[in-house]
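# Quick one, fold the following:
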Amino acid sequence: MQTNISTRHGQISTTTQEKITSKLEKLTRIYDRVNSAEVTIDLEQEDAPKVEITLSVIHGDGFVATVDPSNFNSGNLMGQIDKAVHKLETQLRKHKEKYITRRSSGRKTHEALESGEADTE
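Numbering: from 1, shown residues only. Sure thing, here's the model as predicted:
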């Protein structure tokens, strides 16, 4: 998975970038069709950074998680990243569950029709 990390109004260290990349790599365990991630960190207020993560997926629209420091009390950067990753995990699990449910319900309906036709013959 490609990861692009950009910052506004400041810079983050390479170790922080590596930590963020490793957290995002774990998202492919939940949904393997994740193609790339774009992380935008706004350090205008260093004590309360704003984080936005956009995931692009194969054959899909993508997922976005934004963590605004005004909504949460946690002020450190990694706490904000963790909240955004948690939001994305929730979105990916929900999407995957819907996808699996749609596919399996279609198969069950098709199998029921086939078995019903076999009984009538």
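
# Okay, now the unreliable bits of the protein?
Scanning the chain for pLDDT under 70 picks out 71-75, 106-121.

# Tell me the spacing between the residue most central in space within it and Lys19.
Central residue of the chain (CA atoms, centre = their mean): Leu88, 3.1 Å from the mean position. Computed with CB to CB, to the nearest Å, the distance linking Leu88 and Lys19 is 16 Å. For every residue, glycine as well, the C-beta is placed using N, CA and C.

# what's around Ser70, how many residues?
Residue neighbour count, defined by other CB atoms under 10 Å, stands at 8 for Ser70.

# Tell me which residues touch it, please.
For Ser70, the set of contacting residues under the criterion of CB atoms under 8 Å, 6 or more residues apart in numbering consists of Ala48.

# Regarding it, what is its secondary structure?
With DSSP: H, G, I helix; E, B strand; the rest coil as the basis, Ser70 sits in coil.

# Look up how far Asn76 lies from it.
Where Asn76 is concerned, Ser70 sits at a distance of 15 Å (CB to CB).

# Also Tyr31?
27 Å.

# same deal with Glu89?
20 Å.

# Surely Glu18 forms part of a helix?
Yes. Glu18 sits within a helix when classified using three-state DSSP.

# isn't Arg8 right next to Val39, touching?
No. Using CB atoms under 8 Å as the test, Arg8 is too far from Val39 to be in contact (11.5 Å).

# All the strands of the chain, residue numbers only.
2-8, 34-42, 50-57, 63-67 (DSSP state E).

# and those as JSON lines, adding mean neighbour count and distance to Glu97?
Written out in JSON lines, the entries for those read as follows (neighbours: other CB atoms under 10 Å; distance: least, CB to CB, whole Å):
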{"stretch": "strand 2-8", "mean neighbour count": "13", "distance to Glu97": "25"}
{"stretch": "strand 34-42", "mean neighbour count": "19", "distance to Glu97": "16"}
{"stretch": "strand 50-57", "mean neighbour count": "19", "distance to Glu97": "15"}
{"stretch": "strand 63-67", "mean neighbour count": "18", "distance to Glu97": "14"}
